[in-house]
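**Q** Please find the sequence and the predicted model below.
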Amino acid sequence: MATTTTIVPSAGPVVGSRSFLSRLREGDEIARIITFLFAASVVLITLLLVFELWQGSVLPRHKFGFNFFRTSVWDPIFDQFGALPFIYGTLVTALVSLLIAVPLGIGAAIFLAELAPPRISDTLEFFIDLLAAVPSVIYGLLGVFVVIPLMREYIQPALKNTLGFLPFFQGPMYGMGFLTAGIVLAIMVTPYIISVSREVLLSVPRDQREAALSLGSTHWESTWKVVVPFARAGIMGSIFLALARALGETMAVTMVIGNAPVISASLFSPGYSIAAIIANELTEATSNLHYQSLIELGLVLFLLTFILNGLARLLIVATTQRGGGMGNA
Amino acid sequence: MKRIAVLLLAALALALAGVVWADSALLINGAGATFPYPIYSKWFDEYHKTNGAAQINYQSVGSGAGIKQVTEGTVDFGATDGPMNDDQLKAYKDKHGSAILHFPTVLGAVVPTYNIPGVTTPLNFTPDALVGIFLGRISKWNDPVIANANKGVNLPANDIVVIHRSDGSGTTYIWTDYFSKVSADWKDKVGKGTSVNWPVGLGGKGNENVTGLVKQTPNAIGYVELIYAVQNKIPYGAVKNAVGEFVTADLASVSAAAAAASTTMPDDFRVSITNAKGKGVYPISSFTWLLIPQKFTDASKRDAIKGFVTWMLADGQNYAENLSYAKLPKEVVAKELTALNKIQ
């Protein structure tokens, strides 16, 4: 979009005087049409996806209507399907993961971009990109063989002893559950936050830092009060990328969450997520209603991602207006 | 540079065409159950080697998906761990105008596996104990229902952690089919199926995840396929059968279950042999089936599939025991050979 608005004014009179055919011959029009088609395909695929999910979930939409979102029984044998525990599990695990990953990721990004010597920064960046590329089933295995035993033997008892008065840290400790899934997700999404935030911080113009330093601020003050606010939109973007991944993560979550459709305030409790139950039950769903209810869960996940993404955009707009620093970025 | 690229591309295209050409001789596609996948892949490989002609591709996508795909006609045959129900048979008939036939291939069993710190002797489980545990009514290992069948074993007063399969699976079907037969309560409250609404417990994905969770969670109980338990050397308990003996699952006791059921085998082979009556019978056993359409439009495919089933019922059976599946009883083999003539 930006290129067309900047080019058209200067090239305006020329464009007007050339015929469509000559523009076609010179290739401009062809390039325009082809790139337009590419851009349009994204919208088309999204629409097609929603259409397919909508079409594929006729039975449960008619049978359960809005109750699909309010009930919490999931019984393939007696044909009762409610999405609430899965929506709850998806949101809670994503929230827990962000609570852990955001401070960790942004802190690490600030260190890498502002404080670390370039050689260390680049080396670490290599490892972080490597972490971001590890297949999720590997994180699932890590969760099963390392995180779950650690949680059951050490972390959960410790939390229960110190913070046990809170409803979040009560009940039996299996090792699996919301908290474990959130932690494994946090391990998975932190590299995204670090990698993107670091790039954004590095791209903050040098004069911003120099101006802050010349006004007498310390290194940390220039970083925290000038550079980070300047890069706020980009950092937000990295967080929403992480959120999207956490919402849709399937394999690693299903291996550690306990796969029981339970709604419980306790983070020790086993739970279930939308992506996990689709992956678990779709291949063996024998009744049409069961199959289509899973498709409707897919639609719910899509809407959830859509709504959260929309909120994210609003948040970015709101914060950049308040900050004002992003006017030229 | 450009010329080299073009040449390379042409060579690649030729190579690809060659591969496609070589495979296009006769390709048969099947999809379904994961439980018999180890032996199916062995069979299809051996059959292709010995008979050359037909290449059979099998995707182990799950029984439900197998039934779905064969009904939609996207594969030539399906495979399932639980027989198709009447609605599904009707759906097939409505779509294709002809029936679909079940052919048992081998037998397998599902076993209870557990991890109780300090207990090393194999445990005995009564149906009441198993159902009670999985319904959540029995919550401690030293509950009298469990302890009475295990005199002399020092069972702890710990809470039982139930682990079940979270993914839909034939293993769950066999397990819950057995529970539905031995407990009216289970039948009314939970029922049988590839995925059910579990009253208690945590879900693990696949045999390997269930095993992993049982192994590392103290006081856990779960269920896995017999071959999986044997190959991974996991301890498992004996189950009390319909005539009152505690039987440990092995090839002999699973075959005994098939033999006990073979006299009453219905003509369409859709039979559940869980809780079969007879001496030495392991009660949580089951056939697994191929789903073959009765009418083929492509005669060469029909002949190839019939050829494969004939081979599978004879030579193919010899591969079963090495992979810890039980062979079909002779009566069933004879009956299947007759049924094979129905395929046109």
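**A** Received it, and whenever you're ready, just let me know what you need.

**Q** how many other residues sit next to B:K151?
**A** 7 (other Cβ atoms under 10 Å in any protein chain shown). All C-beta atoms are positioned from the backbone trio N, CA, C, and that covers glycine.

**Q** Would you tell me what helix or strand it is located in?
**A** B:K151 is part of no helix or strand when elements are defined by DSSP states H and E.

**Q** Quick one, grab the pLDDT at it.
**A** Reported pLDDT at B:K151 in the predicted model: 89.

**Q** again with A:S17
**A** So, for A:S17, pLDDT stands at 58.

**Q** can you list the residues of chain A near chain B?
**A** Taking Cβ under 8 Å from any Cβ of the partner chain as the contact definition, chain A meets chain B at A:73-78, A:80, A:144-145, A:148-149, A:152, A:172, A:174-176, A:254-255, A:258-260, A:270, A:272, A:276, A:279-286, A:290-291.

**Q** Those residues in strands, which ones?
**A** A:74-75, A:80 (DSSP state E).

**Q** any idea which of the residues you listed is the one closest to A:R209?
**A** Checking these against A:R209 by Cβ to Cβ gives A:W74 as the nearest, at 54.0 Å.

**Q** and the residue in chain B positioned nearest to chain A, what does it touch?
**A** Going by Cβ to the nearest Cβ, chain A is nearest to B:G168 of chain B, at 2.4 Å. When contacts are counted by Cβ atoms under 8 Å, 6 or more residues apart in numbering or on different chains, B:G168 touches A:76, A:280-285, B:62, B:64, B:194-195.

**Q** In a markdown table, list the residues you listed along with neighbour count, distance to B:A91 and pLDDT.
**A** Shown next, in a markdown table, are these (neighbours: other Cβ atoms under 10 Å in any protein chain shown; distance: Cβ to Cβ, whole Å; pLDDT from 0 to 100):
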| residue | neighbour count | distance to B:A91 | pLDDT |
| --- | --- | --- | --- |
| A:P76 | 25 | 17 | 90 |
| A:N280 | 24 | 24 | 90 |
| A:E281 | 24 | 20 | 89 |
| A:L282 | 20 | 18 | 87 |
| A:T283 | 21 | 18 | 80 |
| A:E284 | 32 | 17 | 78 |
| A:A285 | 25 | 14 | 81 |
| B:G62 | 28 | 18 | 81 |
| B:G64 | 31 | 13 | 82 |
| B:T194 | 28 | 17 | 86 |
| B:S195 | 27 | 19 | 88 |
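
**Q** which non-adjacent residue is nearest whichever residue of chain A sits closest to chain B?
**A** Here chain A gets closest to chain B at one residue, A:E284, 2.4 Å apart by Cβ to the nearest Cβ. Ranked by Cβ to Cβ, 6 or more residues apart in numbering or on different chains and with sequence neighbours excluded, the top spatial neighbour of A:E284 is B:G168, at 2.4 Å.

**Q** quick one: the one you found is in a strand?
**A** No: applying DSSP: H, G, I helix; E, B strand; the rest coil, one finds B:G168 to be coil, outside a strand.

**Q** how about the helices in the stretch 51-200 of chain A?
**A** Secondary structure of the stretch 51-200 of chain A, counting by DSSP state H, counting those that start in this stretch: helices at A:58-64, A:67-70, A:84-110, A:118-132, A:136-142, A:148-150, A:156-163, A:178-202.

**Q** Apologies, that question was intended for chain B.
**A** For chain B, applying DSSP state H gives helices covering B:2-23, B:37-51, B:63-72, B:86-96, B:127-135, B:144-147, B:170-182, B:184-189, B:206-216, B:226-231, B:251-262, B:299-313, B:330-339.

**Q** show me where pLDDT drops low in the stretch 1-150 of chain A?
**A** A:1-18 (pLDDT under 70).

**Q** rerun that using 80 as the cut-off
**A** For the stretch 1-150 of chain A, the stretches with pLDDT under 80 are A:1-27.

**Q** who in the stretch 201-344 of chain B is up against chain A?
**A** Proximity of the stretch 201-344 of chain B to chain A, by Cβ under 8 Å from any Cβ, involves residues B:201-205, B:209, B:212-213, B:216-217.

**Q** number of nearby residues for B:T34?
**A** 25.

**Q** Residue 178: what's it in contact with?
**A** Here I'm looking at chain A. By Cβ under 8 Å, 6+ apart, the contact list for A:F178 reads A:89, A:92-93, A:96, A:257, A:264, A:266-271.

**Q** oops, I was thinking of chain B
**A** Contacts of B:Y178 by Cβ under 8 Å, 6+ apart are B:110, B:127, B:274-275, B:283-284.

**Q** and with 6 Å instead?
**A** Applying Cβ atoms under 6 Å, 6 or more residues apart in numbering or on different chains to B:Y178 gives the contacts B:274-275, B:284.

**Q** Could you do A:V73 as well?
**A** A:V73 touches A:80, A:82, counting by Cβ under 6 Å, 6+ apart.

**Q** And it, how far from B:V61?
**A** As judged by Cβ to Cβ, to the nearest Å, A:V73 and B:V61 stand 27 Å apart.

**Q** related to what we said a few turns ago, most neighbours, which of the contacts of B:Y178?
**A** Counting neighbours by other Cβ under 10 Å, B:I284 leads the contacts of B:Y178 with 29 neighbours.

**Q** In contact with it, which residues are there?
**A** Neighbour list for B:I284: B:109-110, B:178, B:274 [criterion: Cβ under 6 Å, 6+ apart].

**Q** and which of those residues is nearest B:F35?
**A** For those, the nearest to B:F35 is B:V110 (9.3 Å; Cβ to Cβ).

**Q** My guess is the closest one contacts B:I227. True?
**A** No: counting by Cβ atoms under 6 Å, B:V110 stays clear of B:I227, with 10.3 Å between them.

**Q** The two: which is more packed in?
**A** Neighbours were counted for B:V110 and for B:I227 using other Cβ under 10 Å; B:V110 has more, 32 against 19.

**Q** Okay, and the beta partners of that one?
**A** B:E225 (DSSP bridges).

**Q** Quick check: mean pLDDT of stretch A:173-189?
**A** Mean pLDDT, computed over stretch A:173-189, is 93.

**Q** what bits of the stretch 201-344 of chain B have low per-residue confidence?
**A** For the stretch 201-344 of chain B, the ranges with pLDDT under 80 are B:263.

**Q** that older thread, need the helices of chain B in CSV with distance to A:F66, can you?
**A** Listed next are the helices of chain B as CSV, based on distance: least, Cβ to Cβ, whole Å:
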stretch, distance to A:F66
helix B:2-23, 51
helix B:37-51, 41
helix B:63-72, 28
helix B:86-96, 28
helix B:127-135, 32
helix B:144-147, 43
helix B:170-182, 31
helix B:184-189, 27
helix B:206-216, 34
helix B:226-231, 42
helix B:251-262, 47
helix B:299-313, 48
helix B:330-339, 49
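
**Q** hey, C-alpha coordinates of the helix or strand hosting A:R25 in CSV?
**A** Assigned by DSSP H and E, A:R25 belongs to helix A:20-26. This file holds the C-alpha atoms of helix A:20-26, laid out as CSV (Å, rounded to 0.1, in the frame of the first residue of the first chain):
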residue,chain,number,x,y,z
PHE,A,20,-3.9,0.0,-20.6
LEU,A,21,-2.4,-2.1,-23.4
SER,A,22,0.9,-0.4,-23.3
ARG,A,23,1.1,-0.7,-19.6
LEU,A,24,0.3,-4.3,-20.0
ARG,A,25,3.1,-4.7,-22.5
GLU,A,26,5.6,-3.0,-20.2
